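> Next come a sequence and a model predicted from it.
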Amino acid sequence: MIDTERKYVVLLVEDSPDHAFLIKRAILAVIQDLNFLWAKDGAEAIELILKRGLKPDLILLDIKMPRMNGFEVLEILKNNKETNYIPIVILSTSANEKDVSRAYLLGTNCYITKPVEIADFQSKLRSIPLYWLRTNTTPSFSEF
Amino acid sequence: MDHPNGYNILLVDDDIEQAPFIKQILETSFSNRITVIWFENGVEALDFLDIKTSPPISLILLEIESTIYDGVSILEQLKDESSHHRIIPIIILSRSRDLRRIKGCFSLGANSCVKKPSDPKVLRNILGVVLEFWLTHAILPSSLT
């Protein structure tokens, strides 16, 4: 049964407070009624998901982070039967061919670059909730 | 990253009434820079991908509830560790809201899943959002080659 009262949970995994602020603001400008959580690195995200049982509807994942990078997070979550269905969108400053291929081969659902221009960045960010929460069918809602 | 030569989208759908309509919507979008290669049968689509001279595919749209092929099995084969095609993003087209099945598709490696309504206007809108997101905002693996 779908719980229509339940709010979407979006987990951002991002070490830059400036980027985290921009991303949160852009996402909430599109869908206000969601729970937006922020993990400052990969290790904190893994702790939240695997140890504390958080099951986000969408994970926005940076690649270059201290303690545990985005590739490591991706590999852990996509190889775990309890978490492999959770959509993960890589949000990275890197458009490097190796990084993009590696992310897709590790199972990212999508790869988006962070443009330098703020307006471009915001346009990309706004497309994320519109696509992933409004158009894509969110698999985690099947649990309710 | 732009695709100077346009985009090839593989459509796997056994609905002979709706699939040509989807093909037409896609091919008339993005300034006619999209070529759709349509297969009614998923097994034939797999064979096509294995041909060395096949063009690079940017996206695969896979109808999962087919009566002539096993959509889940096609997805499984495309996203298998040993598959040369597993890097290609696959968007599942689903007529039903069977969330358990959809969750299963994500677990098998589907990149996304969208509704495939029978209403042509709604379908056109959904496909527009899909193209806008994947071709404008995302980086596709096919842009790297």
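Structure's in. What do you need? Worth saying up front: this structure is predicted, and the values here are computed from it rather than measured.
> ok, so what distance separates the residue of chain B found nearest chain A from A:T137?
As assessed by CB to the nearest CB, chain A sits closest to B:L99 within chain B, at 3.2 Å. The way it works is simple: take the backbone N, C-alpha and C, and place the C-beta from them, glycine included. Distance, B:L99 to A:T137, using CB to CB, to the nearest Å: 7 Å.
> any bit of the helix or strand bottoming out on mean pLDDT in chain A sitting next to chain B?
Here the helix or strand of chain A ranked lowest by mean pLDDT, DSSP states H and E is helix A:118-129, holding a mean of 93. Yes - applying CB under 8 Å from any CB of the partner chain, one finds helix A:118-129 touching chain B at A:123-124, A:127-128.
> Show me what counts as buried in that helix.
Residues A:121-122, A:124-125, A:127-129 are the ones in helix A:118-129 that count as buried (16 or more other CB atoms under 10 Å in any protein chain shown).
> before we move on, what about stretch B:20-31?
Judged by neighbour count using 16+ other CB under 10 Å, the buried positions of stretch B:20-31 are B:22-23, B:25-26, B:29.
> go on, stretch B:125-139?
Result for stretch B:125-139 [16+ other CB under 10 Å]: buried residues B:126-127, B:129-135, B:137-139.
> Who are the packing partners of the helix-or-strand element of chain B with minimal mean pLDDT?
One helix or strand of chain B scores below all others by mean pLDDT, DSSP H and E: helix B:99-107, with a mean of 93. The contact analysis (3 or more CB pairs under 8 Å, 6 or more residues apart in numbering or on different chains; DSSP states H and E) places helix B:99-107 against helix B:71-78, strand B:90-94, strand B:112-115.
> quick revisit: among the buried residues of stretch B:125-139, which are in reach of chain A?
Among the buried residues of stretch B:125-139, the residues that sit close to chain A (CB under 8 Å from any CB) are B:126, B:129-130, B:132-134, B:137-139.
> mind checking how far B:N32 is from B:Q24?
For B:N32, the distance to B:Q24 (CB to CB) stands at 11 Å.
> How far away from the center of its chain is the helix or strand harbouring A:E72?
Per DSSP states H and E, A:E72 falls inside helix A:70-78. Computed by CA atoms, centre = their mean, to the nearest Å, the chain-centroid distance of helix A:70-78 equals 12 Å.
> and the very next helix or strand once past that helix, which strands flank it?
Under the assignment DSSP H and E, the closest C-terminal helix or strand after helix A:70-78 is strand A:88-92. Strands that pair with strand A:88-92, judged by DSSP bridges, come out as strand A:58-61 (parallel), strand A:110-113 (parallel).
> Could you provide these in CSV, with additional columns for mean neighbour count and mean pLDDT?
Formatted as CSV, the strands paired with strand A:88-92 follow (neighbours: other CB atoms under 10 Å in any protein chain shown; pLDDT from 0 to 100):
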stretch, mean neighbour count, mean pLDDT
strand A:58-61, 26, 98
strand A:110-113, 22, 97
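> got the angle between the longest helix anywhere in chain B and strand B:90-94?
Ranked by residue count under DSSP state H, the longest helix found in chain B is helix B:120-131. For helix B:120-131 against strand B:90-94, the angle by axes from the mean of the first three to the mean of the last three CA atoms, to 10 degrees is 160 degrees.
> so where is the chain shaky, pLDDT-wise?
In the absence of a named chain, this looks at chain A. Applying pLDDT under 70 to chain A picks out residues A:1-5, A:141-144.
> look at chain B instead
The model of chain B has pLDDT under 70 over residues B:1-5, B:145.
> near chain A, which residues of it show up?
Contact residues, chain B versus chain A (CB under 8 Å from any CB): B:1, B:86-87, B:89, B:94, B:97, B:99-100, B:102-107, B:109, B:111-115, B:126, B:129-130, B:132-134, B:136-139, B:141, B:144.
> closest to A:V73 among the residues of helix A:118-129 next to chain B?
A:V73 lies nearest to A:I128 out of the residues of helix A:118-129 next to chain B, by CB to CB, at 17.6 Å.
> Was I right to think that closest one contacts A:F121?
No - using CB atoms under 8 Å, A:I128 is not in contact with A:F121, being 11.2 Å away.
> wait, B:L46 sits on B:I74?
Yes - using CB under 8 Å, B:L46 is in contact with B:I74, at 6.6 Å.
> So for the two, which sits in the more crowded spot?
B:I74 (23 against 18; other CB atoms under 10 Å in any protein chain shown).
> which residue packs closest to that one, ignoring adjacent ones?
Of all residues not flanking B:I74 in the chain, B:G42 sits nearest, at 3.8 Å (CB to CB, 6 or more residues apart in numbering or on different chains).
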